[in-house]
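Q: mind looking at a prediction? Sequence and model below.
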Amino acid sequence: MAGELESCKPLSGLLSGLAQDAFYGHPGITEELLRSQLYPDVPIEEFRPFQAKMRGILKSIASADMDFNQLEAFLTAQTKKQGGITSDQAAVISKFWKSHKTKIRESLMNQSRWDSGLRGLSWRVDGKSQSRHSAEIHTPVAIMELEIGKSGQESEFLCLEFDEIKVNQVLKKLSEVEESISTLMQPV
Amino acid sequence: MLIDFQWKLGMAVSSDSCRSLKYPYVAVMLKVADHSGQVKNKSFEMTIPQFQNFYRQFKEIAAIIETV
């Protein structure tokens, strides 16, 4: 039975299933589902600790956002541990992380964002000729629609109007943000 | 109508699901008034690439509104 677990073919599938559950929040990926689909000949008592070990390894890698040097060192250490992984399994895990790292990281970033995110932005500029509120003629106005929403929730649409003065005021603030970003990103 | 625009540049360092997040983000707080005069606060976050797109579009708006 240990031979079954050491086989690398289903391991890639197992890592995908574990990622779906742990990072992408996909419902219904149970232990039994994974076992029956990927390791049907392995009894549940043997499968359970095995999948827990793989899940733990995957979570450690994702939590530390390991680069490839760290990954190699970590996996090598796992192969040397008592009850660790085989070098073939390490190779499968390494390949998996290299192809899924970006997507998993994005998912973790989204999980940590509790405020609304910006989902969409559209705008137009109107040349207003008359206004109900004032007698101004030919005042251009920018109309912007922001689509914002929290993870897993429906979008909210904000419709904002800006005259030229307001546009420039906001633009000035945005350039301050840009400056801050440049300062932050400078190598220490 | 936009009354106020406040911003914050933050860096998410760590969270319970990821110990090494290390991602910068721009948080925005808008104070908006509707036609009845009621004022509401609306906040949202942007990643850096999203912010840069937002900024670029605003510059486009400014360029156009000047010429209209």
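A: Right, received. Where do you want to start?

Q: just the CA atoms of stretch A:66-85, as CSV, please.
A: C-alpha atoms of stretch A:66-85 as CSV (Å, rounded to 0.1, in the frame of the first residue of the first chain):
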residue,chain,number,x,y,z
MET,A,66,8.8,30.5,-1.0
ASP,A,67,11.1,31.4,-3.8
PHE,A,68,12.7,28.6,-5.7
ASN,A,69,15.9,28.5,-3.5
GLN,A,70,13.8,28.3,-0.4
LEU,A,71,11.6,25.7,-2.0
GLU,A,72,14.5,23.4,-2.9
ALA,A,73,16.0,23.7,0.6
PHE,A,74,12.6,23.0,2.2
LEU,A,75,11.8,20.0,0.1
THR,A,76,15.3,18.5,0.5
ALA,A,77,14.9,18.8,4.3
GLN,A,78,11.5,17.0,3.9
THR,A,79,13.1,14.1,2.0
LYS,A,80,15.6,13.6,4.8
LYS,A,81,13.0,13.6,7.6
GLN,A,82,11.7,10.4,9.2
GLY,A,83,8.2,9.9,7.6
GLY,A,84,9.0,12.6,5.1
ILE,A,85,8.6,12.5,1.4
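
Q: distance check, residue A:73 against residue A:95.
A: Residue A:73 is 17 Å from residue A:95, where distance means Cβ to Cβ, to the nearest Å. The way it works is simple: take the backbone N, C-alpha and C, and place the C-beta from them, glycine included.

Q: my bad, residue B:2
A: The value you get for residue B:2 to residue A:95, if Cβ to Cβ is used, is 49 Å.

Q: between those two, who's got more neighbours?
A: Ranked by neighbour count (other Cβ atoms under 10 Å in any protein chain shown), residue B:2 and residue A:95 place residue B:2 first, with 18 against 13.

Q: nearest spatial neighbour of that one, chain-adjacent residues omitted?
A: Nearest non-adjacent residue to residue B:2, counting by Cβ to Cβ, 6 or more residues apart in numbering or on different chains: residue A:160, 5.1 Å away.

Q: check residue A:88 too.
A: Going by Cβ to Cβ, 6+ apart, residue A:88 has residue A:8 as its nearest residue, at 5.1 Å.

Q: so who does the one you found touch?
A: A:88-89, A:91-92 (Cβ atoms under 8 Å, 6 or more residues apart in numbering or on different chains).
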